Each structure stands twice: as structure tokens, then as C-alpha cells.
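Student: Pasting the sequence and the predicted coordinates here, then a few questions.
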Amino acid sequence: MTNRIKVLKKWDYENGAPVECMCQADSTGDVVVCDLLNNIAYLNSDGSLRWKKKMDYTPNSVALSEDGALIYILTKNNYLVRLDREGNEEWDLWIMKNTNTLSCMAKGQGAAVGGIQGTIQLINSQGKRAKLLHTKEPATFVRFASRSGGLFVASAMGWVGIFDKHWKLRKEYNLRRHVTKLEVTHMGRKIFLPALKDGLAALEVEVDDLLTYSPGFHVNSVAVDRKGEMIVITSPDGDAALLDSAGTQLWRRQFTHSWLHTDLTIKGDRFILVSNKGYVKCMAILTAKEAQKKLQDSYFEFLEI
């Protein structure tokens, strides 16, 4: 364990209902939380509630543009909905059945919807279908690389497909292990896949190198910064840890909550933890010197944990 960094609690939020999905805006730290009672809550970067609305649909997956100005929601009744920052609906589109995952481009100019029957629908900013891709295995997870424009797809059994910005399949892998999420760096050079008891798998795309992190607990969610140099991982048993790119553990804590989701800003300065019961915690990542100054200058803004 190293003391190079400190993790300070920034804010908490109680949603009041089990959370189905969440997303943090990469550059601003705004957060959208969707629950199983059809509620959508937009939290400002300081944890204050901007708005909370009850919708006439249940969200299945949510994605935000980098600045948090555009919100894409995939519903359980197979609609893709786009909202603005204030929660106003811009359009909706009926999507083919058996879809379960969603990602949007960095500026919100398009979205990808993955299906368990091996399809990916690409939707443009006007809410029109632009292209339909087919994959060898179910598209359980999809993710855009925010800067390269590439599209990354993974199945629950560890198949990974990489499409370039022209939607051509360029590479594929098969890890032959059960994975629970897909995360990529902003240039798409590293892929991260939590694999429960098998830890965390990391793929270096350019050299086809596979690295496995074994933190000592089951890994169910992961989030990374711009280059994959700061990695947040969680477990369903309440573990949360920060790793560097070599797998060195920088910080670790076990909470009483069972973590379902995590998300990290691209700067790697703050991350969100969300429990299955709707508890949301925001943590700030600082150097030891920065943390000491924060604790001295603004004691009530940050709490050491």
C-alpha cells in the first residue's frame, strides 16, 4: 500500500430506491442515476440535486455526453430516449427487442445500442438509425473510445470485438471467462474487463498483451481515467480499490454497501460508487499533499476515510 494518494469523501446521495443504472459525465463530474421505480435523478458535480423526475418507462441503461448536456436512456420496453441537461425529452426511437446495453459518443452526436442476439444499432443525433452491425456473440456491453471514435463490444463470456470509426471489425479476442463490464481508455488502446473471481483483465490492443490483476476480491465493476493509469474496481461485497496501470494497489477500503456501479472522470480526480440499494458516494482522489491542504482549509467539504 502506498501513501502517495489520499481518497477523501466529497459527498453522499440517498436515491431512496434500488438503482438500475448510472453514468458520470467524463469531464464535469455530473451524475445521472436511474432506478427501478422509473425515477431519473440528475446530480450536479457538487452532489446537489439538479432535478429528479418520474418517467413513464423503466431505464435499463444510461449514457451521458462528456459535458453532461445530453442524456441517452435505453428503456426496458425497447425505446432509446434522448434528454437534455434539464430532463426535457428531445426524441425517442423504438429499438429492436432484446437490447440491453448503451454507449454514446463523447459529444453526444450518436449512440450505439447492443443486443443479446448479436446486433449493434448505431443511432445518429437526430434519432435515426444509421447502421446495423452484426457480431459473432451477443453484444452484452458496448463502449465508444471517446477520442479515437472506435467502438468496442464484449459478450458476457469474454469475446471482445473492436470496430474502427468506419465500423469495420479490426480485431477480436476471446478471454474465455465471464465478464461483467467493459471499459476502454479515451484512445482505445487499453480495454478493461472485470471477471469476478478471476479479477480484472486488461488488454493492450496495439501489442495484443493480456494482463490480469488479482486484488484479492471478486471484481464486478471497473472505471478508468484518460490513459488507464488510474483504475477503480469494486466488488459486490463492498470492496473498492484504486490501482495504477501496473496493478499496484494505491488505496483500498471495504464498506458495508454492496457496490453495483462505479465511474471515474477522465482526469482521474474523482469517482462515484453506487450500491444496489441506491446509495451514491462521491470520492475525491488527491495527492497526499493536496489532501492535507484540503483537510486544513475546508474541513467540512472533505472528510478523510
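Tutor: Cool, the structure landed.

Student: For the residue sitting nearest the centre point of the chain, what is the enclosing helix or strand?
Tutor: Closest residue to the average C-alpha location of the chain: residue 263 at 4.8 Å, with Cα atoms, centre = their mean. Assigned by DSSP states H and E, residue 263 belongs to strand 259-264.

Student: Now the element after that strand, going C-ward?
Tutor: From strand 259-264, the next helix or strand downstream (DSSP H and E) is strand 270-275.

Student: what's the average pLDDT for the helix or strand following that following strand?
Tutor: Sequence-wise, the next helix or strand downstream of strand 270-275 (DSSP H and E) is strand 279-287. Strand 279-287 shows a mean pLDDT of 94.

Student: Pull out the buried positions in strand 279-287.
Tutor: 279-286 (16 or more other Cβ atoms under 10 Å). Where C-beta positions appear, they are placed from N, C-alpha and C, glycine not excepted.

Student: Stretch 128-143 now?
Tutor: Neighbour-count burial for stretch 128-143 [16+ other Cβ under 10 Å]: 133, 135, 137-143.

Student: What is the end-to-end distance of that stretch?
Tutor: Using Cα to Cα, to the nearest Å, the end-to-end distance of stretch 128-143 comes to 19 Å.

Student: Now do that stretch: everything it contacts.
Tutor: Applying Cβ atoms under 8 Å, 6 or more residues apart in numbering, the external contacts of stretch 128-143 come out as 93, 100-103, 110, 112-124, 151-157, 159, 161, 163, 167, 172, 179, 181-184.

Student: Pull the residues that contact the strand holding residue 263.
Tutor: 19, 21-24, 31, 220-225, 230, 232-236, 238-240, 270-276.

Student: can the buried residues of strand 279-287 go into a markdown table with extra columns for distance to residue 61?
Tutor: Compiled in a markdown table, the buried residues of strand 279-287 are given as follows (distance: Cβ to Cβ, whole Å):
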| residue | distance to residue 61 |
| --- | --- |
| 279 | 20 |
| 280 | 17 |
| 281 | 21 |
| 282 | 21 |
| 283 | 23 |
| 284 | 27 |
| 285 | 26 |
| 286 | 31 |
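
Student: Closest one of these to residue 49?
Tutor: The nearest member of those to residue 49, counting by Cβ to Cβ, is residue 280 at 10.8 Å.

Student: Buried among the contacts of stretch 128-143? Make that a PyMOL selection.
Tutor: The following PyMOL line selects those of these that are buried, judged by 16+ other Cβ under 10 Å:
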select buried, resi 93+100+101+102+103+110+112+113+114+115+116+118+119+120+121+122+123+151+152+153+154+155+159+161+163+179+181+182+183+184
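
Student: hang on, the earlier thing: of all the buried residues of strand 279-287, which two lie farthest apart?
Tutor: 279 and 286 (22.8 Å).

Student: Let me know the pLDDT of the residue nearest to the centre of the chain.
Tutor: 97.

Student: re earlier: CA atoms only for the strand holding residue 263 - export them in CSV, please.
Tutor: The C-alpha coordinates for strand 259-264 follow below in CSV (Å, rounded to 0.1, in the frame of the first residue of the first chain):
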residue,chain,number,x,y,z
TRP,A,259,-21.3,-1.9,-4.9
LEU,A,260,-23.1,-2.3,-8.2
HIS,A,261,-21.6,0.5,-10.3
THR,A,262,-18.5,2.7,-10.4
ASP,A,263,-17.4,5.6,-12.7
LEU,A,264,-14.3,7.8,-12.9
